[in-house]
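# got a predicted structure plus its sequence, pasted below:
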Amino acid sequence: MSVGDLTILVDDVPRRVPAGTTVAVALLQLGITEFRRDLSGRPRGPLCAMGSCFECRVTIDGVADVRACLTVVQDGMRVERVR
Amino acid sequence: MTVASSPDVVVVGAGLVGALTALRLAETGLLVTLIDADFAGGGSTGAAMGHLVAMDDSPAQLALCADSRRRWHTLVETLPDDAEHEACGTLWLAANDEELTAAQARIRGYAAQGVRAELLDARGLAAAEPSLAPGLAGALLVPDDGVVYPPTIARELVRRARQAGVDVREGTEVASLAAHEVQLADGSRLATGAIVVATGVAAPRLIPGLPVVPRKGHLVITDRRPGMVRHQLVELGYLQSAHSFGAASVAFNLQPRRTGQVLIGSSRELVGLDASINRPLVARMLDRARRFMPAVGEMRALRTWVGFRPATADKLPLIGRWPALPDLWVATGHEGLGITMAPGTAELIVAGLLGQSPAVDPAPFRPDRPMPTDTGLAA
Amino acid sequence: MSGHRRVDIVVVGAGPAGLAAATTAAAGGRRVLVIDQALRTGGQVWRHRSEATLPKRARESMARAQSAGVTFALDAQVVDANSPHELIVDFRGRMARVGTEALILATGAKERFLPFPGWTLPGVTGIGGLQALVKSGLRLPGRRVVLAGTGPLLLPVAATLAASGAEVLLVAEQAGGARVLRFALSLLGSPHKLLEGLRYRSAFLSTPYRTAAWVTRADGTSQLRTVTVHERGEQRTIECDWLGAAMGLVPNTELAQLLGCAVRDGAIVVGEAQETSVPGVWAAGECTGVKGDDASIAEGVIAGGAAGGERHRVHRAAVRARASGRRFAKRMDETFALRPEVRALADADTIVCRCEDVTRGQLDPAWSQRQAKLWARLGMGACQGAVCGPACAAMFGWGDNAPRPPLQAPLLGPWGDALSGEGQEPPRNS
């Protein structure tokens, strides 16, 4: 655990993640590659990492469809995946 | 292959009205050519909400809606999945007791045309549509209304038309019409027994003086939020907006799509064919939608688009002969009821061309009938 | 709460072009606001968490903008506009109107993704996309990475990945070896570019860099496990953890199109002073055509000068750099033109529109983009064609489906409020 870490909730589970990273990077770093499911139920994760593709959408602090690649982690942030 | 003899009928316009008309004509054994300047469903059909609704502004309107809606009920059984048919019904929302009382008075008229309708009080409405804002007096539920996705239906109907022997020519522009002749933009001429013009707002270009004007509307679609909206929702004030021709107006109209997306309307303006987005009007439309369903504000807006309804001064479509040329028929002017009225319209054209007895009295839809001149609907 | 802010000049995009434009425009005391969706300036090419990792020219560019008094609104996106002089901006979730005399678009470029079987598996990202993740903090120690795409971007990304500890197994360039060699030799005229390329290459020296090579499929169950590479007529399958796959860059023209600016061949059309076809709107950088940093900065300077109202100043050095950059861009286009094979990797079941799960088999190349949209729902999802639009342009030659408001799928309520003029007060200084 390093000085720059903080705690976010991922699907209601508290996780330590480095400060200053995006939610997308934080999830990937935690080994989470499936961010959401497509219309046929197949797993999807980040593609463009710059806000164009909307593949990395997760629910953040109750707001749905937030692009994880454009959002920096904050202490206490609630990240939920819709699967 | 022998050279095909000239068609019995040329149908111009492969929107829902034209495509269905061409198919039905072919099914009676006539030789049909169907022409569209672009692709099937690419005009107003592609911009439309796809509401299948029994609207009762006048007995004639209700009669055609009721007949046509019945035909839709049969048709949707045979359509592929991408027609996105949802039998969600319509809830006409009453903001207050006066509106609710007025709504109740419409039930008998509906019943006379075989359209089921029932009144919901405030509690019944809240149970039927939990996401609505509180404070509404109730609603008129028309359970057999539905929604469809028109462009794929136009595509499917054209596919069936081809199978039925219709000569379908997409990407082909008609330049002008003459007696028993259609002149294409490439200079070629098509001799034909009869012509049916179903080109919507573009019809006056081919038929000068045809009393149709474009009535522009905006729609906004959201991202998927399944289950939030269960019925097509329309405020009773919609009838005011749809059936009067003042300045730009909005009326609450919300539709659940099979995808879980929500389609938000509606607006009306008379600005010719200006397809630019009128943002202040869209703002009014969205504001109205949020008053009825605040949760809409929390959805993500994906896109806004514009469509043009072919409107007439007396709010009834033009279905029948147009006397300027022999055997020239028109099928347009449906305003916001083009999708609903397509099957009934097709049947009226078929009956007219074949000299058969029509299912609905066609007199109110006579294209060359006298039109009111004081409505503000500049043609 | 007016939810309204007025400035003299808005610059959309804080990459090399946007920074240069803002700095130049701010001369003479003009109030310049730069809007960017990221949390830091630099755009894509100068993305960083710590300024210490940036090249000197990037740090200098940022410092110059600061000392010129440029204001930055970061984590902000333009979602709509009532006119080129009134933008609707989503500031970190608060929507407000921004009034401006002049507007400079420096919206950069995005990657072009060409569909192939398995490309939707988690673990498959863009090339710039993978670099963006790493630069945003993703650690890939010992993770096996394959890069497959085209153009110079492959080199710095491979270098970044190698430096971060990843095991770069292969860099596959779809262009043929002779072309790439010719291109490299042409860089002898720009020694710093050549040196830069060699420096990058030396960072991943143990990784094979193969030309005329491309990925034909990716496989895995819930995430990427293997990729299959076509190289010199042979296919081989490689186990890996990440695949960075994209075929070049395409300009971001959505906002320009929304404002009515002319766009040709997928790029914003600009004149000698970087003016677009809409009065009061200028454009600079990759969004007028992918061309590299030097030319992007040059265009930013010219646009900033013009938008800032300079009448007689000619930025000679910038004009020269722009001309040189355009020549370079042309050479890049020719060298890295997409071969037919990579345009046709999708099989019938391959998803083309990722948002709506529309497969290749559902599409007829003879259609138009709009026809595909209405008949097959292509481009109707959250990204509104940002991914499938360029893909279909490359696969079928389809044209654009014009963007409609709002951009960036904002929350409807705040957008509606801003349209009505009831937006929220934007943050003072982000």
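Here it is on my side, so go on.
# next, give phi and psi for C:S50.
Backbone torsions of C:S50, given as degrees, to the nearest 10, read phi -130, psi 130.
# please read the previous query as pertaining to C:A26.
Torsion angles at C:A26 (phi, psi; degrees, to the nearest 10) stand at phi -80, psi -10.
# just the helices from chain C, written as ranges.
Using DSSP state H, the helices assigned to chain C run over residues C:16-25, C:56-67, C:127-135, C:154-163, C:177-186, C:191-203, C:254-258, C:293-307, C:316-335, C:340-343, C:369-376, C:388-396, C:412-419.
# other SSEs contacting the third one?
When contacts are defined as 3 or more CB pairs under 8 Å, 6 or more residues apart in numbering or on different chains; DSSP states H and E, helix C:127-135 sits against helix A:23-29, strand C:109-111, strand C:144-149, helix C:154-163, strand C:242-246. For every residue, glycine as well, the C-beta is placed using N, CA and C.
# for B:A178, name its beta-bridge partners.
Applying DSSP bridges to B:A178 yields these beta-bridge partners: B:E181.
# for chain C, see how far away it is.
Look at B:A178 and chain C: by CB to the nearest CB, to the nearest Å, they are 31 Å apart.
# I'd guessed that residue sits against B:L325; true?
Yes. Counting by CB atoms under 8 Å, a contact exists between B:A178 and B:L325, whose distance comes to 7.0 Å.
# any idea whether residue 39 is helix, strand or coil?
In the absence of a named chain, this looks at chain A. coil (DSSP: H, G, I helix; E, B strand; the rest coil).
# looking at chain B here, not the other one
Once three-state DSSP is applied, B:F39 turns out coil.
# how close does it get to B:M49?
B:F39 sits at a distance of 20 Å from B:M49 (criterion: CB to CB, to the nearest Å).
# ok, now which ones touch residue 40?
You didn't say which chain, so I picked chain A. Contacts for A:S40 (CB atoms under 8 Å, 6 or more residues apart in numbering or on different chains) come out as C:D357.
# try chain C instead
C:R40 makes contacts with C:47-49, C:74, as judged by CB under 8 Å, 6+ apart.
# where does the prediction get shaky in chain C?
For chain C, the stretches flagged by pLDDT under 70 are C:1-3, C:422-430.
# chain C against chain B: which residues are in contact?
Residues of chain C lying close to chain B by CB under 8 Å from any CB of the partner chain are C:80, C:82, C:367-368, C:370-371, C:374-375, C:377, C:380-382, C:384, C:404-406, C:409-416, C:419-420.
# the strands in the stretch 251-379 of chain B, which residues?
Taking DSSP state E, counting those that start in this stretch as the criterion, the stretch 251-379 of chain B carries its strands at B:262-268, B:301-311, B:318-321, B:328-332.
# can you check which of the ones you listed gets nearest to chain C?
Evaluated over the strands of the stretch 251-379 of chain B, closeness to chain C peaks at strand B:301-311, with 4.2 Å, by CB to the nearest CB.
# export the closest one to PDB, keeping only CA atoms.
As requested, the backbone C-alpha atoms of strand B:301-311 are provided in PDB (Å, rounded to 0.1, in the frame of the first residue of the first chain):
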ATOM      1  CA  ALA B 301     -29.600  11.800 -24.800                       C
ATOM      2  CA  LEU B 302     -28.100  10.200 -27.900                       C
ATOM      3  CA  ARG B 303     -29.500  12.000 -30.800                       C
ATOM      4  CA  THR B 304     -32.000  14.600 -32.100                       C
ATOM      5  CA  TRP B 305     -33.500  14.400 -35.500                       C
ATOM      6  CA  VAL B 306     -36.000  16.100 -37.700                       C
ATOM      7  CA  GLY B 307     -38.900  14.700 -39.800                       C
ATOM      8  CA  PHE B 308     -41.500  16.200 -42.000                       C
ATOM      9  CA  ARG B 309     -45.200  15.200 -41.700                       C
ATOM     10  CA  PRO B 310     -47.200  15.700 -44.900                       C
ATOM     11  CA  ALA B 311     -50.100  17.800 -43.500                       C
END
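# what about the longest helix in chain B?
Of all segments of type helix in chain B, defined using DSSP H, the longest is helix B:59-78.
# looking at that one now, give me its mean pLDDT.
Here the mean pLDDT over helix B:59-78 is 98, rounded to a whole number.
# would you mark the buried spots in it?
Burial within helix B:59-78, assessed by neighbour count using 16 or more other CB atoms under 10 Å in any protein chain shown, is assigned to B:60-72, B:75-76.
# mind listing residues that contact it?
In this structure, residues lying in contact with helix B:59-78 by CB under 8 Å, 6+ apart are B:52-56, B:83, B:85, B:109-110, B:113-115, B:144-146, B:148, B:315-317, B:337, B:340-345, B:347, B:359-361, B:364-365.
# any idea which helix or strand comes after it?
Taking DSSP states H and E as the definition, the helix or strand that follows helix B:59-78 towards the C-terminus is strand B:90-94.
# surely C:T23 meets C:A65?
Yes. The pair formed by C:T23 and C:A65 meets the contact definition of CB under 8 Å, at 4.8 Å.
# is the closest residue to B:A248 other than its chain neighbours bridged to anything, and to what?
With sequence-adjacent residues excluded and distances taken as CB to CB, 6 or more residues apart in numbering or on different chains, B:A248 is closest to B:E269, at 4.1 Å. According to DSSP bridges, the residues that bridge with B:E269 are B:K216.
# can you pull up the bridge partners for whichever residue of chain B sits closest to chain A?
When scored by CB to the nearest CB, chain B has B:R300 as its residue closest to chain A, at 5.5 Å. According to DSSP bridges, C:L411 are recorded as the beta-bridge partners of B:R300.
# near chain A, which residues of chain B? Just list them.
When proximity is defined by CB under 8 Å from any CB, chain B lies next to chain A at B:223, B:225, B:298, B:300.
# give me the phi and psi angles of the first one.
Okay, so that is B:D223. Comment: the main-chain dihedrals of B:D223 come out as phi -80, psi 180, following degrees, to the nearest 10.
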